[in-house]
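Peer 1: Okay, sequence plus prediction incoming.
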2 protein chains.
Amino acid sequence: MKYIEKLRNSGLRPTKQRLQICEVLFDTEKTFHFTINDLANKIKKQLNNKISLATVYNTVHAFEKKGYLKQIPINSNQTYFDTNVSDHHHFYDLKDEKLIDLETSEVGPIKILKQIDGKKIKSVEVLVKLED
Amino acid sequence: MKYIEKLRNSGLRPTKQRLQICEVLFDTEKTFHFTINDLANKIKKQLNNKISLATVYNTVHAFEKKGYLKQIPINSNQTYFDTNVSDHHHFYDLKDEKLIDLETSEVGPIKILKQIDGKKIKSVEVLVKLED
DNA sequence: TTCTAGTTTATAACGATTCTAAAAAAGTGT
DNA sequence: ACACTTTTTTAGAATCGTTATAAACTAGAA
Ligand SMILES: [Mn+2]
Ligand SMILES: [Mn+2]
Ligand SMILES: [Zn+2]
Ligand SMILES: [Zn+2]
């Protein structure tokens, strides 16, 4: 299995559950956005297999910490994650409540002209809200 | 009271509670960021007066709908609001979990080179995450 | 195999937010 | 002032996403 090494190198034991979640998250043509609930449902359908919700939470947070997932800063009752961990931005369709990727190359260079003493910039993320 | 008209013009009855919340939110030198809980505490201290938490929620949402407050897109267990309703951006200090304003004039012009069919851009918000 | 630390699991707990329904207040007309 | 309607406030309950718990299980090492 191609994820065993990846997990081992991260200090995460390659358990059956983690490998299955890897499949669902990373064995895809395209990257995607999801909530924990989305993911739990996807696992059930796609793998015909129940993984405890607590494990889904634990795994998603572990993967996020290792940089295999990103959390998307948006206001929602649920937290959104992204399997696209490259630097990029998002459209948020307010009506459909859907996220759409906006690549860095699709946004002109962003100049931050203010500095905060003793702090470094870790990331710059743009959220473009859409209406009809 | 200077907020009576403002509320009436918005179709909101100028109740004692709403006027008091207006004072706390808008009778300040500087704009600020807050959570519902922050606000409830501020009311208690500043006005020596209890307002039901449900009313604080209702009022904040009513004010947001009327455009007197903005919600800040950020991932936190609590929702952050902003009394600065002008178009502007934010730094987020990951360590101190604090928001800092970043004015539009302090960010170079942002070009969005991608369009979504049938949708208009409502807002463009930048979140700059800070680390030490 | 035996041991140990890490992981999974069902379930409880937590906490921010929303809902409920009854009481209070605001607005309107007389 | 009064009667009447509509909006608002309120305490408390309910909801629901997320986190904590603690017991059972498992991976990896010796
Ligand atoms: Mn989380
Ligand atoms: Mn809200
Ligand atoms: Zn994305
Ligand atoms: Zn602000």
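Peer 2: Here it is on my side, so go on. Ligands and ions are numbered 1, 2, ... in the order given.
Peer 1: Now do the helices for chain A: every range, in order, please.
Peer 2: Ranges of helices in chain A, per DSSP state H, are A:3-9, A:16-26, A:36-47, A:53-66.
Peer 1: Relative to B:Lys44, how far out is the residue sitting furthest away from the middle of chain A?
Peer 2: Centroid-distance maximum for chain A: A:Asp117 at 30.0 Å, with C-alpha atoms, centre = their mean. From A:Asp117 across to B:Lys44, the span is 33 Å (C-beta to C-beta, to the nearest Å). Glycine gets a C-beta too; all of them are placed from N, C-alpha and C.
Peer 1: Name the nearest residue to the closest residue to ligand 4 within chain A, ignoring sequence neighbours.
Peer 2: Going by C-beta to the ion, ligand 4 is nearest to A:Lys114 of chain A, at 12.7 Å. Spatial nearest neighbour of A:Lys114, chain neighbours left out: B:Glu106 (4.2 Å); criterion: C-beta to C-beta, 6 or more residues apart in numbering or on different chains.
Peer 1: For the one you found, grab the count of nearby residues.
Peer 2: Neighbour count for B:Glu106, taken as other C-beta atoms under 10 Å in any protein chain shown: 15.
Peer 1: so who does it touch?
Peer 2: The contact partners of B:Glu106, taken as C-beta atoms under 8 Å, 6 or more residues apart in numbering or on different chains, are A:Ile112, A:Leu113, A:Lys114, B:His89.
Peer 1: Spatially nearest residue to the second one (excluding sequence neighbours)?
Peer 2: Going back to what we said before, that points to A:Leu113. Nearest non-adjacent residue to A:Leu113 (C-beta to C-beta, 6+ apart): B:Glu106, at 4.7 Å.
Peer 1: Give me the helices and strands touching the lengthiest strand in chain A, please.
Peer 2: The longest strand of chain A (DSSP state E) is strand A:120-131. Strand A:120-131 sits against strand A:88-93, strand B:120-131, with contacts defined as 3 or more C-beta pairs under 8 Å, 6 or more residues apart in numbering or on different chains; DSSP states H and E.
Peer 1: looking at the ones you listed, which is closest to B:Gln17?
Peer 2: Checking the helices and strands packed on strand A:120-131 against B:Gln17 by C-beta to C-beta gives strand B:120-131 as the closest, at 29.4 Å.
Peer 1: Could you list the residues in contact with the closest one?
Peer 2: Residues outside strand B:120-131 that contact it (C-beta under 8 Å, 6+ apart): A:73, A:94, A:110, A:112, A:116, A:119-132, B:73-74, B:87, B:89-95, B:102, B:107, B:110, B:112.
Peer 1: And the residues you listed, which of them are buried?
Peer 2: A:73, A:110, A:112, A:119, A:124-130, B:73-74, B:89-93, B:102, B:107, B:110, B:112 (16 or more other C-beta atoms under 10 Å in any protein chain shown).
Peer 1: got the CA positions of the longest strand of chain A in CSV?
Peer 2: Provided in CSV are the C-alpha atoms of strand A:120-131 (Å, rounded to 0.1, in the frame of the first residue of the first chain):
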residue,chain,number,x,y,z
LYS,A,120,6.1,36.5,10.6
ILE,A,121,3.5,35.8,7.9
LYS,A,122,2.6,32.2,7.8
SER,A,123,0.0,32.3,5.0
VAL,A,124,-2.1,34.7,3.0
GLU,A,125,-5.5,33.4,2.1
VAL,A,126,-8.2,35.2,0.1
LEU,A,127,-11.9,34.5,0.4
VAL,A,128,-14.1,35.8,-2.4
LYS,A,129,-17.7,35.7,-1.5
LEU,A,130,-20.1,35.2,-4.4
GLU,A,131,-23.7,36.2,-4.9
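Peer 1: Give the partner strands of that strand in its sheet and their orientations.
Peer 2: Partners of strand A:120-131 in the sheet, by DSSP bridges, are strand A:88-93 (parallel), strand B:120-131 (antiparallel).
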